[in-house]
Every structure is written in C-alpha cells, then in structure tokens.
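Q: What follows is a predicted protein model with its sequence.
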Amino acid sequence: MAVKRISGPLVVMVFWIGALAWLVHDDQYQLFLAPRFGFLIYISLGACAVFCISLLAEPPGSGKDQLIKGMILLLPIVFMGAAGDNTLGSFALSKRPVATMVQKGSDTSPAQGLDVKTARDPDKDKTQEISIARLVRNWDRYNGRQIRVEGLFSKTIEGHDHLAAVFRYFITCCVADAMPVGVFLVSPADIDLADNDWVRITGRVIMKQLDGYDIIFMETPEIEKTEQPAKNAAYIYD
Amino acid sequence: MAAKPSLPPARSKISDTGRYLQMFFLAAAILMAAFHVRSDVFITFSVIFSAIVLEAFPFMLIGTLLGGFVEVFLSRDQLLRILPKEKKQAVAVAAFMGIIFPVCECAIVPVVRKFIQKGMPLGSAVAFLLGGPIVNPLVFSSTLVAYSFAWDVAFLRVFIGVVIAMSIGLLTDACLSKKQALLPFSEQTGCGCGHAGCTHTHGIDPHRSLGKKIMAALSHGAVDFYDIGRFLIIGAFIAAALQTLVPRQAFMAIAQGPFAAITAMMALAVALNLCSEADAFIAASFQPMGMPLSAQMAFMVLGPMLDIKLILMYLAVFTRRMIFFLAFQVCLSVFLAMAFLEMAQWL
C-alpha cells in the first residue's frame, strides 16, 4: 500500500529536500547565493516539504516521460555536489571584465564619501589595510596611496600575459551575476604562486588604462601568500 | 467531479524529437560530469549552473504552488469577472496584473498556464506574461536601488515594458487563434487539469472540505512542477554554459555605437537568464564601461520577457509557431523602442 504512494514527483521532492538541507547546513548555500537571499532556500525547503506531504496524501497517476523528467530535475543536485566547496576563480575572471568602480546602492558614486581633507592627509604614505570592496567603492580616497588588500591571485590576464591580478567577486543575488573587482599588477617573475591562491599584496595604487578601460594598478607590490579566510571569501556580498 | 485518468498530458503530442533531445541532454550532462569533474571549466560551470537553478527554484515552486491554488480555488467565471469583457481593456488590465501577482518571470509561466486553462483570453495572457515581471513592485524597487534612486529609469522600464506587453498582447489576439498558439492542454473543459495521468478530483467541487481542497491544490502544484520544471533546468544549463565559455568582453567589443550596443545587450539578456529582480544591478554595472542607457534599458526590458530558460518554459504552454512569433515580436519591439529613444535622445 505504502509503495503505491511512491511516485516520481515524490522521489524528486525528497532528494531536493535532502539537497536543500545540505545547503542550509553550515551556510553552504553562500557558495551560490548572497546571504541575504538565504530565505530563498528556506522557501524552497518549505515548498518541497508541503509538496511531499500532498503527494503522499494524493498520489498522482503515472504519465509519459516520468523518468526523463525526474532525472532532469535531479541533475542540479549532481552539479551542486560536484561544485563542492569551490568558488569562481581565475577561469571565470578570464571571461569577465574587471570593474574598477561598483555602482550599488548608496555607494554608487566612487567619489561618494570622499573627504578632501583625508585625501590630503599627511599620513598619505602610511599603508592602509583595506578590503577590495572598500577600494573600488571609494577609489578617490585611495588613489595614489599605499594600501594592502587580500584576494584571489590570477597569474595572467586574458590577452595580457605580463599582467596579474588580485581579485574577488561582487555578488548581488547569486554567482551568475558575479562581477570581478580587483587590482592589476605586473606579473611577478620569481614567485611560487598558482592561480586561485589567496594572497595579500601591498603597494601604491594608481589608475591606468587597459584596452580603453580604466583599471586599478598597483605599482611594485609586495606579495605574500596567505590562508583563505573563509570558504566563501572570494565573494563580496552586497 | 469525477476523475479523468485519460486526460492528455500537458504536452500531449510530445514529439519523439523532443524526447530524444531531452535524453541526449541528460546523457551529455552526465558524461560531462563524469569526465571533466576536476577541470576549472567544469567547476566554474557547476557553480554557475547551481546558482542559476537555486535562485530560480523557489520562484518556480511558488509559481506552480500558486497555479495549484488557481486551479482549485479560482473558477473560470471568477477569473473572467476580474478582466473587462472588451478585449483591449482586458489586455491593458492584464499587463498590470503583476502588481497584484508579484511574481518574477520564472514563476509567471506556470501561473499563466493555469490562467489559460481557466479561460483567460490569449492576448491578455500574453500581456500578463510579458508585463507581469516588469511591473512587479520588487523589480521596480531593485531597479531604483541599482540606479541610485533614479526614478525616471525605474518608471521608464515599467512604461516601456507595459507598452510592449500590451502591443504584443493585442497583436497576438489579432494574428493567432488559441488553437494556433496554445498546446492542447488549454482546450480541455471540465476540471481543466492538464496533468499526465491525473487522478485528482478538483477543488471547484463545492462539496469538498477546505482541507481537501488545499491538499488538492498542493498536489496539483507538485505535479505541475514535475511537468515543467525540466525546462527551467535545461535553460539554466545552457545559460551556465554560455556564461562559462563566452567572454563578456566579446559583447563589449561588438557594442560599438548605440544600435550595436542595444543589439549586444539584448543578446546578453537572452544569454544570461538573470532573474528580473537582479538584472538591474548587472545592467547598471555596464555604465562605467560607457554602455548607453538605451542599451542598458534594452537589457532590462527584454530579459524578463525572453531568455533561454523562458523559451524552454514556454514550450510547456505555447506551440512552436507561437514561441517564434512571441520571440520575434518581443525582440523587434524592444529594439525599435530603444532605437527610437536613442534617436530622439531621450536617454
């Protein structure tokens, strides 16, 4: 009797409940979605649960192509598992232009929050440890200054083998809208670094032109390899 | 109401070609996962594919759930009472129905499918389908935020979206009959259920208890999701492949001049399959690269109406002829509207 209640849609829903629970556990979903959209996972979980209950109460009849439909619906779970703890890295960077300024919410204007007195600060040569997000949002404040930032390392840039980059990704909703932001530098010759290593770089930043676009460029940087602070540290959520 | 086990499935004449294509897709995806699991390309693809699905998944579930409740709780007469009897007025009202049903483009397809089954006129359904995700208050708010509270940009997006939705709704009514535009599921009378092998009794029966009606609505939603969810997955898969393999710089390279920029941004909107609640942020991110506002607007107006996953989801509602008609009209209208704004230098 109970077996008769097991249908294709029910099996799919049960698998999805398992996958969504895994995503909620340890905030795994933040490797795909911005944290503020975590509620979407809970909505999915709730909807799948009520669908499951209803399918047990009112089992649907059999229909055409049930197996194909079910397997296609389960496919994303396989790919989520394959993605594991990985984030976008230097391969994705090669397919996206790096943004030098981020237009978002109250931080739209790069000049916003610019304090002229700060720009003429006598401590101008003092190294400031900042995030890449802060750098691109307040570029005018840091233009020409000595800074230290952390991010993923890319040995080369598409079409410019002599340039490297330290970057992270701005995420608005999900990884599909990821926009790389970062700092360019001359590719260091004698350093044992691989793509996607987490690094901290220190140097003076200036604006330069590359293929007609403004880029943030760091002059003679000091580079040190460091531990990735968190599994989703490649992403800057806004 | 008596059960109708012999009702045809949503796509009663699902062609062998369609079935083979889905089997091919499934086999290709599994082989890809098996042989490329360690490569950078595969990991990037997996992350993007999962992200697109996870973002759209709840909206799809909500859409099918809403559709289930429409099926059980909203009678044909009740639906027709909401809309004016006069066709043009009905189309105009339907284009704004997204304010009452604030669903994004993933959720709207199953809702529209259910509305059509309930007897919504074709033109009105098209106007709701195209206009709904743009007039959605959440989409309006996200556009406002993305463009730093530039009210003119947010209102212009809604205005252009509604005008295009109404125009295409009216044009569809004038050019195509329901039979030419819709799959056979819409022609069913009685319970209106289009599910494969459905054995439910349906909620319009006034003698059913509320609890049973709710259970029937949920069960309907679940089966609907099972029936059309695959189109979302296949669309997300193609979109993720494009995002992974095609450099965005290529779009920028061909976007020289305003008209080329409009075309390139339209192509990008179709390829990226972004949620209408997020696309304004991406459109705004092109501003520093010198992308004209008309091209950004083209991206924001076209995206909620037409992208790869939507085209595939439309297969659950419309005939191929209708999908071609819709795709052509939407692309043409968006391009002409933006070209006009560009020439008039209103942007």
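A: Yes, it's here.

Q: Quick check on A:Lys149: phi, psi?
A: Not Lys; residue A:149 is Val. Main-chain torsions, A:Val149, degrees, to the nearest 10: phi -130, psi 160.

Q: Mind checking the pLDDT average for stretch B:91-101?
A: For stretch B:91-101, the mean pLDDT works out to 88.

Q: What residues sit buried inside that stretch?
A: For stretch B:91-101, a neighbour-count test (16 or more other CB atoms under 10 Å in any protein chain shown) marks B:Val91, B:Ala92, B:Val93, B:Ala94, B:Ala95, B:Phe96, B:Met97, B:Gly98, B:Phe101 as buried. Yep, even glycine has a C-beta here, placed from its N, CA and C like the rest.

Q: Kindly report the same for stretch A:41-51.
A: Neighbour-count burial for stretch A:41-51, counted by 16+ other CB under 10 Å, picks out A:Ile41, A:Ile43, A:Ser44, A:Leu45, A:Ala47, A:Cys48, A:Val50, A:Phe51.

Q: Next up, identify which helix or strand the first one is on.
A: Secondary-structure element containing A:Ile41, defined by DSSP states H and E: helix A:38-57.

Q: the helices in the stretch 151-300 of chain B, which residues?
A: For the stretch 151-300 of chain B, applying DSSP state H, counting those that start in this stretch gives helices covering B:151-175, B:178-181, B:210-245, B:248-254, B:258-272, B:279-285, B:293-302.

Q: A:Glu219: which of the ones you listed is closest?
A: Closest to A:Glu219 of those is helix B:248-254 (CB to CB; 24.9 Å).

Q: Tell me if the closest one is near chain A.
A: Yes - against chain A, helix B:248-254 shows contacts by CB under 8 Å from any CB of the partner chain at B:Arg248, B:Gln249, B:Met252.

Q: All the helices of chain A, in order from the start?
A: A:8-24, A:38-57, A:66-83, A:90-93, A:116-119, A:132-137, A:139-142 (DSSP state H).

Q: residue ranges with poor pLDDT in chain A?
A: Applying pLDDT under 70 to chain A flags the ranges A:1-4, A:62-63, A:99-125, A:238.

Q: gap between B:Ala295 and B:Gln180?
A: Going from B:Ala295 to B:Gln180 by CB to CB, to the nearest Å gives 34 Å.

Q: Would you mind telling me which of the two has the busier surroundings?
A: B:Ala295 (24 against 14; other CB atoms under 10 Å in any protein chain shown).

Q: out of the buried residues of stretch B:91-101, who's nearest chain A?
A: Among these, B:Phe101 lies closest to chain A (CB to the nearest CB), at 16.5 Å.

Q: sec struct for that closest one, please.
A: coil (DSSP: H, G, I helix; E, B strand; the rest coil).

Q: could the helices of the stretch 151-300 of chain B go into a markdown table alongside distance to B:Ile43?
A: Listed next are those as a markdown table, based on distance: least, CB to CB, whole Å:
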| stretch | distance to B:Ile43 |
| --- | --- |
| helix B:151-175 | 35 |
| helix B:178-181 | 42 |
| helix B:210-245 | 10 |
| helix B:248-254 | 19 |
| helix B:258-272 | 19 |
| helix B:279-285 | 22 |
| helix B:293-302 | 28 |
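
Q: Same list (those helices) but as a markdown table, adding mean pLDDT.
A: Formatted as a markdown table, the helices of the stretch 151-300 of chain B follow (pLDDT from 0 to 100):
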| stretch | mean pLDDT |
| --- | --- |
| helix B:151-175 | 95 |
| helix B:178-181 | 88 |
| helix B:210-245 | 85 |
| helix B:248-254 | 73 |
| helix B:258-272 | 88 |
| helix B:279-285 | 75 |
| helix B:293-302 | 94 |
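
Q: Could you check how many residues crowd around B:Lys328?
A: Quick fix: residue B:328 reads Phe, not Lys. For B:Phe328, the count of nearby residues is 11 (other CB under 10 Å).

Q: how near is it to B:Ile168?
A: Taken as CB to CB, the span from B:Phe328 to B:Ile168 is 10 Å.

Q: Same check on A:Asp192?
A: Separation of A:Asp192 from B:Ile168 (CB to CB) stands at 59 Å.

Q: Out of the two, name the residue with the larger neighbour count.
A: Legend: neighbour count by other CB under 10 Å for A:Asp192 and B:Ile168, higher for B:Ile168 (26 against 7).

Q: Pretty sure that one sits against B:Phe128.
A: No - counting by CB atoms under 8 Å, B:Ile168 does not reach B:Phe128; the two are 11.4 Å apart.

Q: Highest neighbour count among the residues of helix B:248-254 next to chain A?
A: Ranked by neighbours (other CB under 10 Å), those are led by B:Met252, which has 20 neighbours.
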